[in-house]
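*Asks:* sequence and predicted structure, then a few things I'm wondering about:
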There are 2 protein chains.
Amino acid sequence: MIRVAIFEDNIHLRDTLRVLLDTAEGFSCTGSYPGCEDMLVSLREIPCDVVLMDIEMTGMNGIEATRLIRQHFPAVQVLIQTAFFDDNYIFNAICAGASGYVLKTTSPAGYLEAISDVKNGGSSMSPGVARRMLELFRDKMIPALPADYQLTAREKDILKMLVKGKSYKMIAADLYISLDTVKTHIRNVYAKLHVNSGTEAVAKAIRDGLV
Amino acid sequence: MIRVAIFEDNIHLRDTLRVLLDTAEGFSCTGSYPGCEDMLVSLREIPCDVVLMDIEMTGMNGIEATRLIRQHFPAVQVLIQTAFFDDNYIFNAICAGASGYVLKTTSPAGYLEAISDVKNGGSSMSPGVARRMLELFRDKMIPALPADYQLTAREKDILKMLVKGKSYKMIAADLYISLDTVKTHIRNVYAKLHVNSGTEAVAKAIRDGLV
DNA sequence: CCTCAAATCACCCGTTTTCGCGATGGCGCG
DNA sequence: CGCGCCATCGCGAAAACGGGTGATTTGAGG
């Protein structure tokens, strides 16, 4: 039996969901609320496995509510439901600890499956949301690859040590080469990165993922 | 009618999938291959909407194949299928441009739904994969929390300019203060960041999001 | 064999940083 | 009002850095 609490300010949808859960096999609704007042108290007094959380509610934001729930009841899974397909909503909901994200256009059977999925340690997202999420993931992850200045292996070595905060002298000692050689390499690096100081080079190296 | 090409080295599963697709309403299998030899040629000669791609195959890796497909046929959606639940697989598959990721434990109906989802511009993932993906997303996104050394507003100003690669003299000029004042501030910044050179300070500032 | 890029080292010179110590004025707070 | 914190400024010396020029060796490749 999966125990579900509902937070949804639209009375119509709220009641629909409550009936759905109460009639469905293996589900029960432990409470349905129009807002997040006393949310933590309610959840403490009436335990549940999954929270169905609307984002757009008067009073506390569903995202913040999610964060609070995850802080205070790590075992409770939060399934976001919203009418809107919004990048920031998706992004923030995930960061707040949501385990799933379904649109309100989802079918009753879809709702039940999503709830069941998150209860069983999985996640569920509407296909469109999942797609957007993959794209966000790609966009945020990938930029760390390219950026190729034509640095030689040795130059990269020296640049890395510079990034670590080493002085010329330390670099020379660590690599068993002379101070003048270090200077030469660094001068070449500066030329290739089009910078003319160590701080600039370090900033560029880190930002462009040459670390 | 959704046209699907199958890449799967296990002959049993490959044939099962082919039959599934050929018998299912609204689906057709345009080809099934045990490996990625001549993959691009096949796809060019026999257009399809969705590619079902196994990761573990002899010869070319499914991830690399996905990257190639996305490069040459951006309109073709790739749905990854694999027996293994592996972080690197998930991560790399997404970065390679996969639109979905299902486990081989998925039911026939689940396969068809997943294919249909990706064809319609959505994404589909097995619940466990979706969960892992959300966690990866959180872990990679969240570290953007700014560490807090007790820098004063002025010190942050100067640090930012240092990160931009400005020299003491330029900072002094830009902020309309004397060179000696800049020195003092920077000395204080170094002390608070526990560093003792500009390069170290810049590296720490960028990495810790003090930009 | 010859060429070229890369890596190594050297010397010179002026500028920039780093860091010690000290000082003044403003501002909020009990 | 005094106290602490911050921002501002100053001096001086040692260390580090930036930039110019040039040289040697080595290994890959035509």
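*Replies:* Great, that's in hand.
*Asks:* CA only for contacts and neighbour counts going forward, please
*Replies:* Will do.
*Asks:* relative to DNA strand C, which residue of chain A is the closest?
*Replies:* residue A:177 (3.0 Å; C-alpha to the nearest atom of the strand).
*Asks:* and the helix or strand where residue A:180 lies, how far out from the chain middle?
*Replies:* Per DSSP states H and E, residue A:180 falls inside helix A:179-193. Helix A:179-193 sits 40 Å away from the centroid of its parent chain (C-alpha atoms, centre = their mean, to the nearest Å).
*Asks:* the helices in chain A, which residues?
*Replies:* Using DSSP state H, the helices of chain A run over A:11-23, A:39-45, A:62-72, A:87-96, A:108-119, A:127-141, A:153-163, A:168-175, A:179-193, A:198-207.
*Asks:* run through the residues of chain A sitting next to DNA strand D.
*Replies:* Taking C-alpha under 7 Å from any atom of the strand as the measure of proximity, chain A contacts DNA strand D at A:166-169, A:183-184, A:186-187, A:190, A:196-199.
*Asks:* if you set the cut-off to 6 Å instead, what comes out?
*Replies:* A:167-169, A:196-198 (C-alpha under 6 Å from any atom of the strand).
*Asks:* between those residues, which is closest to residue A:130?
*Replies:* Closest approach between those and residue A:130, by C-alpha to C-alpha: residue A:198, at 42.9 Å.
*Asks:* per-residue pLDDT of that closest one, please?
*Replies:* The per-residue pLDDT reported for residue A:198 equals 95.
*Asks:* before we move on, what about the one 5 residues further on?
*Replies:* In this prediction, residue A:203 carries a pLDDT score of 94.
*Asks:* picking up where we left off before, for chain B, see how far away the residue of chain A closest to DNA strand C is.
*Replies:* Using C-alpha to the nearest C-alpha, to the nearest Å, residue A:177 is found at 21 Å from chain B.
*Asks:* what does the pLDDT read for that residue?
*Replies:* For residue A:177, pLDDT reads 95.
*Asks:* ok, residue A:147 next?
*Replies:* 69.
*Asks:* repeat for the one 10 residues further on
*Replies:* The confidence metric pLDDT takes the value 93 at residue A:157.
*Asks:* how about the residues of chain A near DNA strand C?
*Replies:* Within chain A, the positions adjacent to DNA strand C are A:152-155, A:177-178, A:180-181, A:184-185 by C-alpha under 6 Å from any atom of the strand.
*Asks:* ok, of these, which come out buried?
*Replies:* Listed as buried from the residues of chain A next to DNA strand C are A:155, A:185; burial here means 16 or more other C-alpha atoms under 10 Å in any protein chain shown.
*Asks:* and the most centrally placed residue in chain A, how far from residue A:45?
*Replies:* Geometric centre of chain A, nearest residue: residue A:95, 3.9 Å, by C-alpha atoms, centre = their mean. Going from residue A:95 to residue A:45 by C-alpha to C-alpha, to the nearest Å gives 27 Å.
*Asks:* ditto for residue A:175
*Replies:* For residue A:175, the distance to residue A:45 - C-alpha to C-alpha - is 64 Å.
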